[in-house]
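Trainee: all I have is the shape, not the residue letters:
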Ligand code: IVH
């Protein structure tokens, strides 16, 4: 009998070594099947010999297999803020940055490192004594969600760092010692082939296709059940978080260390010291980036030396020591063949172009959006035109312009429809949503000014209204028929969508299939599907498993709460944010029904236009029917009431600055004065220009003068910059 303790150790080592080679993109010498079998064997041994397996269990390859779902995400503060990067779009701006940076550093030349800007999801990984202890999303930059449970399942991320030279690490490499705390930040991406496989599976299952790898990754990592994390996600490290002890002097020192510890870093990474050389690198990279298995949208240029990075510091949004050069969105030209008008969930008609197929940024494209009729006129696009199309991050391309030189004279104007293409009801010409929002926002400003003026006993100031209405042609077309079957289907699709009822098994195709079969004639019918099991099973592509999933998904959706229901009902001007505010304010549909328009309009960030629209929905027989149906089917129409806090509207909870009057004075090092002001205001503070007895706090930078003296004489609390940074980020400014 082999010794089980030894067997456990050997299997772990074998699986780890294979994973490591896999991360380095080298042949692992192990088939997937052999790997799976070894893993199964290890799992069994660990179960049979818990005592022998206990040591090193948390980093065992078996721990990658997802554990139980979690109830919710913990929000955790970052060791230092995860900032964004300033962008540049041309060579002049890049040159200017290099000049500016050299000047700030007081040097002629400085080393800069170039690496791809990956279009993925940012992640901070923390290792303590070499073990993965925490994985945080970027969140709001200051705090992120703890998604460690999901990240543990990602094979490209080591659970345990290995310091020794091992297979896959060149002999001549010095083994690196592992810092007690090592936090690295990077981007997690879904390679194109993984994305394609995932979508092929969804298509086969009749589920709605994912739009693009980035959003899919983000959604995938924010789920509660780690068993559903897509296999094949990749992590690419780009930077350093908290590291202790920290022997690293340059970015490239750090990435070299990561690599030898088994963490993937960019394979394209070079150091240059002139703007010309940087530009050459960028041009070269632009030619080869399309062969990479994941999307890149630019190049990040960083000052390589950490002491120089520290000297340059950051403003409140982005460090001064790095800059991103962004590539222009990819374009192609093709011929515009036809324009169809698609009916949306609110009845809005959107022109959709059909074109001669053309290859663009990795896929063959035949459709693109033209947004609305006004856009068509502004861009002067005609049927038969050669058009330039563009994919900007998203999967749906758009028509940018017509190529005037290619006109033959045979092109025809695009005519908007007089009647709904689906139900033939004559169309309504209406202001587009942006315009309605402008008007609503103006109305809110006027109201606020009126109230303020009244309080201060002065006449209200005139607030200039938005410019007069455009021509009919520039406004959107709507199908006004609430019973329009096309609208109804779009509303169904919206209702079950991820941010609403979140019934994954009810994808777009399935909705159409069920509606065609007569199983969905009202929104409430979704909740009666369980009574039609036999009929469902007779439909194409509907196996036992799929039907069970669907029914279980529908049952689960009943308890999502009022916020999700309101977001799903397609009440005009009520999106996810508005739905949340309404639900958390009223706590139940009955309280909302009982509220009059003014009471609804009085909620912060709701306003009169939304209030009118909500009332319209609630007072309308069609709206009342939907609500009654949902109620009858046992859908939860309540929500926990949240106490209002000044910073609470975005759900981030109360801020210690809410309602405080704060004055800023002196020279601030790390923050631009205005950035800090905006930040404090976002957190609910009032930032005032002069110190008085009403001042709660003075933030004094270097060379503060009379305001500081005055504050001191009034006994007002005074903070220096280090203190405010600490309060805002939970960190000292190192
Ligand atoms: S360095 C700002 N390097 O882009 C702190 N970021 O648009 C230093 N990103 O939040 C970031 N590739 O998530 C850096 N090679 C790269 C990157 C990269 C992608 C992301 C990162 C950042 C975002 C800003």
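Mentor: Structure's in. What do you need? Quantities reported herein were computed from a predicted structural model and do not represent experimental measurements. Numbering: from 1, shown residues only.

Trainee: near the ligand, which residues of the stretch 1-150 of the chain are found?
Mentor: 82-85, 115-118, 122 (CB under 6 Å from any ligand atom). From N, CA and C alone the C-beta is placed, and that goes for glycine too.

Trainee: now, these that are in strands?
Mentor: 115-118, 122 (DSSP state E).

Trainee: nearest residue to residue 313 other than its sequence neighbours?
Mentor: residue 670 (5.4 Å; CB to CB, 6 or more residues apart in numbering).

Trainee: number of residues surrounding that neighbour?
Mentor: Neighbourhood size, residue 670 [other CB atoms under 10 Å]: 16.

Trainee: which SSE is it in?
Mentor: Using DSSP states H and E, residue 670 maps to neither a helix nor a strand.

Trainee: pull up the gap between residue 53 and residue 389, please.
Mentor: From residue 53 across to residue 389, the span is 57 Å (CB to CB, to the nearest Å).

Trainee: which residue of the two possesses the greater neighbour count?
Mentor: Using other CB under 10 Å as the criterion, residue 53 and residue 389 rank with residue 389 on top: 24 against 21.

Trainee: buried residues, the longest strand belonging to the chain. List them.
Mentor: Secondary structure of the chain per DSSP E: the longest strand is strand 330-343. Across strand 330-343, burial judged by 16 or more other CB atoms under 10 Å covers 332-334, 336, 339, 341, 343.

Trainee: now stretch 229-248
Mentor: For stretch 229-248, using 16+ other CB under 10 Å, the buried residues are 229-230, 232-243, 248.

Trainee: got the contact list for stretch 592-611?
Mentor: Residues outside stretch 592-611 that contact it (CB atoms under 8 Å, 6 or more residues apart in numbering): 436, 439-440, 443-444, 447, 573-574, 577-578, 581-582, 585-586, 612, 614-615, 618, 627, 644, 649.

Trainee: show the buried residues in those.
Mentor: In those, burial by neighbour count holds for 436, 439-440, 443-444, 447, 573-574, 578, 581-582, 585-586, 612, 614-615, 618, 627, 649, counting by 16+ other CB under 10 Å.

Trainee: quick one: low-confidence ranges for the stretch 601-734 of the chain?
Mentor: In the predicted model of the stretch 601-734 of the chain, residues 642-654, 729-734 satisfy pLDDT under 70.

Trainee: tell me where it has helices.
Mentor: 607-619, 621-632, 673-682, 706-714, 721-729 (DSSP state H, counting those that start in this stretch).

Trainee: show me what counts as buried in the fourth one.
Mentor: Spelled out, it's helix 706-714. By neighbour count with 16+ other CB under 10 Å, helix 706-714 contains the buried residues 707-708, 710-711.

Trainee: turn those into CSV, including distance to the ligand.
Mentor: Converted to CSV, the buried residues of helix 706-714 look like this (distance: CB to the nearest ligand atom, whole Å):
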residue, distance to the ligand
707, 33
708, 33
710, 38
711, 34
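
Trainee: and residue 398, how many residues sit next to it?
Mentor: By other CB under 10 Å, neighbour count at residue 398 equals 17.

Trainee: could you do residue 452 as well?
Mentor: Residue 452 has 12 neighbours, counted by other CB under 10 Å.

Trainee: helix or strand next in line after the strand or helix carrying it, which one?
Mentor: In the assignment (DSSP H and E), residue 452 maps to helix 433-455. Heading C-terminal from helix 433-455, the first helix or strand you meet, by DSSP H and E, is strand 476-478.

Trainee: after that next one, next one along is what?
Mentor: Next along the chain from strand 476-478, counting by DSSP H and E, comes helix 485-495.

Trainee: for the host helix or strand of residue 286, buried residues please.
Mentor: Per DSSP H and E: residue 286 is located in helix 275-288. By 16+ other CB under 10 Å, the buried positions in helix 275-288 come out as 275, 278-279, 281-282, 285.
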